[in-house]
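> Pasted the sequence and its predicted model underneath.
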Amino acid sequence: MKKVAIISTGHPPFDERIFDKLSKSFKKMEKSVFIIVTTQDIDQEVDGILIQGKNLRNNYSNQLQKFRFILAKLEMISPDLILACEPIPVIIAFIHKLLNRSKTQLKIIYDVTEWYPENIYLKRKGINKFFTLITGHLINFIATNLCDYLYVGEETKLMRYKFYSPKKRYSIISYYPVLDFYKPSTKSILNKELIFGFAGVISTSRGLDIFYEILKSLKETLPDYELGFILVGRFELENEKIYLEKFKSLGIRFEYYEWTDYKNFSRLLENVHICLDIRPPNKIYEHSLPIKIFDYMAIGKCIVASNYEPIRRIFEITDCGILVNPNDINSIVREIIELLKEGEKIVKYGINGRKAVERFFNWTVCEEEIKRSLKILNLQ
């Protein structure tokens, strides 16, 4: 039985893509699966998957500890395939390969799901931003050329990697949901009750303030409606938890649930009519396809989202909601009110999204592509 090691220096071990999707798919394909992380202290077996980790998340001063920890685990496991979730783990995997020259069949896959180095570059200030950008691209270029194969989360991210390594083999392994975990719960508007929902990482950079302003305006514009907002996830910044009180102060039905596991989170949104993904513009969001778009489609919800090209492409195929200008709150409110005037559209959009996920945008599609990639790499 071939062994697969999935390495991450940035994600928790039960990240849905790592654990519920990739790991379980490899397990289904009769592989021994190991997860190695440097984000959490853990040593346990779950669903036949061995998870080992050490919390070195804040230990930026000594990156060597991460290298040594991961290399030691790889030496113990002796995998046939290493799937690296960030650029640095690709380099660590390649070092392991060099140290074990007899393992000529060892393959390395780089799983590209983030915008590197922009997601780090945008958090820096001053001259550090410039050096972060240059260094980040260099590390990413090296990682791309050291790996044997690329998994790319979406087409919009592919061009960069074709530039880094034009002949590198790849598969598009998108963010589609595992349908077994999603029960459709499309809701029609009854008794003038209107519930909005959002799930994921919670921050103003992902639209938290926009949601607040929308609900505040709707509360004033639609006084005869019973408005609600269900918020599910973890706050990116502790000081932004002040929004919990701000939403409560609106006098709407407000519910907040801390992040739960992938199998259960959709149940928390059952009473929602419209899911929101309205992110303010930046270089990442304008060229990214949010994972939650597909999750909302899977539970049959009408979606109101930012009018960015990657999202627009999906909406053109699925007809699952409306796209709005995230910089214009008044326009968003008007569009939602227009949507309410034809309440049957909310149901239609929800049903359309679920049908599209069942046909095109589910994890089974990704599993077939994973099987194809393993065949290319002689790791069936």
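Great, that's in hand. Numbers count the residues shown, from 1 in each chain.
> Centre-most residue in the chain?
The central residue of the chain, meaning the one whose C-alpha is nearest the mean C-alpha position (Cα atoms, centre = their mean), is residue 291 at 4.4 Å.
> List the residues that contact that residue.
Contact analysis of residue 291 by Cβ atoms under 8 Å, 6 or more residues apart in numbering lists 16, 175, 200. Every residue, glycine included, has its C-beta placed from N, CA and C.
> and residue 162, how many residues sit next to it?
Counted by other Cβ atoms under 10 Å, the residues lying close to residue 162 total 14.
> any idea how far the worst-scoring helix or strand of the chain on mean pLDDT is from the chain center?
Per-element confidence for the chain was summarised using mean pLDDT, DSSP states H and E. The lowest value among helices and strands belongs to helix 118-121, with a mean of 70. For helix 118-121, the distance from its own C-alpha centre to the chain's C-alpha centre is 16 Å (Cα atoms, centre = their mean, to the nearest Å).
> what packs against the helix or strand residue 244 falls within?
Secondary structure here is read from DSSP states H and E; on that basis residue 244 sits in helix 242-249. With contacts defined as 3 or more Cβ pairs under 8 Å, 6 or more residues apart in numbering; DSSP states H and E, the packing partners of helix 242-249 are helix 208-221, strand 253-257.
> Could you export it as PDB, keeping only the C-alpha atoms?
Once non-C-alpha atoms are left out, helix 242-249 reads as follows in PDB (Å, rounded to 0.1, in the frame of the first residue of the first chain):
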ATOM      1  CA  ILE A 242     -16.900  44.100  18.600                       C
ATOM      2  CA  TYR A 243     -19.200  43.500  15.600                       C
ATOM      3  CA  LEU A 244     -21.100  40.800  17.600                       C
ATOM      4  CA  GLU A 245     -22.500  43.600  19.800                       C
ATOM      5  CA  LYS A 246     -23.000  45.900  16.800                       C
ATOM      6  CA  PHE A 247     -25.200  43.300  15.100                       C
ATOM      7  CA  LYS A 248     -27.100  42.700  18.300                       C
ATOM      8  CA  SER A 249     -27.700  46.500  18.700                       C
END
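> ok, back up a step: pLDDT value on the residue nearest to the centre of the chain, please?
The per-residue pLDDT reported for residue 291 equals 90.
> Regarding this protein, what is its longest helix?
Secondary structure assigned by DSSP state H gives helix 127-146 as the longest helix of the chain.
> ranges for the helices of the stretch 251-380 of the chain?
291-298, 309-318, 329-341, 344-359, 363-376 (DSSP state H, counting those that start in this stretch).
> average pLDDT across the third one?
Taken as a whole, helix 329-341 has a mean pLDDT of 96.
> how about it: buried residues?
Judged by neighbour count (16 or more other Cβ atoms under 10 Å), helix 329-341 contains these buried residues: 329, 332, 333, 335, 336, 339, 340.
> circling back to that earlier point, mind putting the contacts of residue 291 into JSON lines with neighbour count?
Converted to JSON lines, the contacts of residue 291 look like this (neighbours: other Cβ atoms under 10 Å):
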{"residue": "16", "neighbour count": "20"}
{"residue": "175", "neighbour count": "20"}
{"residue": "200", "neighbour count": "19"}
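> Return the residues in contact with residue 286.
Contacts here follow Cβ under 8 Å, 6+ apart; on that basis residue 286 touches 308, 309.
> That one and residue 184: what is the separation?
With distances taken as Cβ to Cβ, to the nearest Å, residue 286 is found 30 Å from residue 184.
> Residue 8 too?
According to Cβ to Cβ, residue 8 stands 31 Å off from residue 184.
> Kindly report the same for residue 281.
Between residue 281 and residue 184 the distance, using Cβ to Cβ, works out to 31 Å.
> Then residue 303?
For residue 303, the distance to residue 184 (Cβ to Cβ) stands at 14 Å.
> What of residue 93?
From residue 93 to residue 184 the distance is 40 Å (Cβ to Cβ).
> More neighbours: which of those two?
Just comparing residue 93 and residue 184: by other Cβ under 10 Å the higher neighbour count belongs to residue 93, 29 against 19.
> Can you pull the domain assignment for the protein?
Described in terms of automatic domain parsing, the domain architecture of the chain consists of the residue ranges 3-176+363-376, 180-359.
> The shortest one: how far from the chain's middle?
Read it as domain 180-359. So, by Cα atoms, centre = their mean, the centroid of domain 180-359 is 16 Å from its chain's centroid.
> try the first one
On the basis of Cα atoms, centre = their mean, domain 3-176+363-376 is displaced by 15 Å from the centre of the chain it belongs to.
> Okay, now the unreliable bits of the stretch 1-150 of the chain?
For the stretch 1-150 of the chain, residues meeting the criterion pLDDT under 70 lie at 58-62, 102-103, 121-126.
> Please enumerate the helices of it.
Along the stretch 1-150 of the chain, the stretches classed as helices by DSSP H, counting those that start in this stretch are 24-28, 64-77, 87-99, 118-121, 127-146.
> related to what we said a few turns ago, in terms of secondary structure, what does the least confident helix or strand of the chain contact?
Helix 118-121 makes packing contacts with helix 127-146 when contacts are defined by 3+ Cβ pairs under 8 Å, 6+ apart.
> Which parts of the helix it packs on count as buried, going by neighbours?
Residues of helix 127-146 classed as buried: 132, 133, 136, 137, 139, 140, 141, 142, 143, 144, 146 (neighbour count, 16+ other Cβ under 10 Å).
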